[in-house]
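> Have a look at this fold, sequence not included:
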């Protein structure tokens, strides 16, 4: 088997235990809560509960993308060990991190001419990005070479579906994605917008659903439409401080798809992604037909 590292960013929203078990390396994003900078380190420095509570209390958040210098330092430690690198980034439709990784690669290639640094734009985010990483880790363990895995990642990344809804629109208003009046009316009507990830790796509002029960039903219907009827691959869910809603989605998925090899796993929406979604968001991730819009 080739000696290479499979790597990603903390914005793939798994857990430290999951990364360790699957032998996936990662580099952490940073974010600001008020005027204080934190590491997006899976709730170690600041718990998810405290993070989302501060958001609900009105503390402003700001995220920062990884720059080329940070990638340079991160990549070089593996190159010094004589290892090649396959790194998968957060979607270029959401961040400039992919370009930063490419710049770092170019900075390093003259110094480490005998080493490979392959960069993949996941066109994914959160635990959908994590779902792709878990599939790549499995194939690496089965003996797939770095070049084969690079090709597989690019050929299959658009088969990862992201469907999610939010129950609190104040953070969409705060982020400027909807107007104050639309947010006020939406909250009065218990509007739960349903969104997904486009084939360009951008978050796109798709539907306006009234009520959580209907929103849950809708994202399950999207899985039925886009996944194989006998779907048995991994399926992930993530949530931002609304575990009861996440469990309802989990129960619905496992009932609809009884041939799943593994139980649906639920992860936290991390602090980088959560800075934009706010609390009250539930997302469903699965493999299916290639995304075309």
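Arrived safely. It should be emphasised that the depicted structure is a prediction, and the values quoted were computed from it without experimental measurement.
> The stretch 101-250 of the chain: helices as residue ranges?
Using DSSP state H, counting those that start in this stretch, the helices of the stretch 101-250 of the chain run over 126-141, 146-156, 170-174, 180-188, 212-226, 243-256.
> Now do residue 199 against residue 136, distance only.
Distance, residue 199 to residue 136, using Cβ to Cβ, to the nearest Å: 19 Å. For glycine as for every other residue, the C-beta is placed from the backbone atoms N, C-alpha and C.
> can you pull the contacts of the closest residue to residue 192 other than its chain neighbours?
Once flanking residues are discounted, residue 192 sits nearest to residue 215: 3.9 Å by Cβ to Cβ, 6 or more residues apart in numbering. Going by Cβ atoms under 8 Å, 6 or more residues apart in numbering, residue 215 touches 165, 167, 192, 194, 209.
> Point me to the helix or strand that includes residue 75.
helix 68-80 (DSSP states H and E).
> could you pull out the strands for this protein?
Applying DSSP state E to the chain gives strands spanning 4-9, 25-27, 30-33, 36-39, 61-64, 84-89, 117-121, 160-166, 191-197, 203-210, 236-239, 265-268, 281-287.
> Tell me the spacing between the nearest residue to residue 103 once chain neighbours are set aside and residue 168.
Using Cβ to Cβ, 6+ apart and skipping the chain neighbours, the partner closest in space to residue 103 is residue 68 (3.9 Å). Counting by Cβ to Cβ, the gap from residue 68 to residue 168 is 36 Å.
> same deal with residue 222?
On the measure of Cβ to Cβ, residue 222 and residue 168 end up 21 Å apart.
> For the protein, give me the ranges with low pLDDT.
Confidence mapping of the chain against pLDDT under 70 gives the ranges 1-2, 169, 171-190.
> care to break it down by domain?
Listed domain ranges for the chain are 4-157, 159-287 (source: automatic domain parsing).
> Could you export those domains as CSV, including distance to residue 293?
What follows is these, written out as CSV (distance: least, Cβ to Cβ, whole Å):
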stretch, distance to residue 293
domain 4-157, 13
domain 159-287, 6
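> picking that back up, compare residue 68 and residue 168 and say which one has the larger neighbour count.
Taking other Cβ atoms under 10 Å, residue 68 and residue 168 do not tie; residue 168 has more neighbours (21 against 17).
> so that one makes contact with residue 279?
Yes: at 6.3 Å, residue 168 and residue 279 qualify as touching, with contact defined as Cβ atoms under 8 Å.
> isn't residue 279 right next to residue 243, touching?
No: under the criterion of Cβ under 8 Å, residue 279 makes no contact with residue 243, lying 11.1 Å away.
> Looking at these two, which one has more neighbours?
With neighbours defined as other Cβ under 10 Å, residue 279 and residue 243 compare such that residue 279 has more, 22 against 14.
> In contact with that one, which residues?
Under the criterion of Cβ under 8 Å, 6+ apart, the neighbours of residue 279 are 52, 55-56, 168, 171, 240-242.
> If we use 6 Å, what do you get?
52, 240-241 (Cβ atoms under 6 Å, 6 or more residues apart in numbering).
> Please dump those residues into TSV; it should also carry neighbour count for every row.
Formatted as TSV, the contacts of residue 279 follow (neighbours: other Cβ atoms under 10 Å):
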residue	neighbour count
52	21
240	29
241	21
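> quick one: which of the residues you listed is nearest to residue 97?
Residue 97 lies nearest to residue 240 out of the contacts of residue 279, by Cβ to Cβ, at 21.0 Å.
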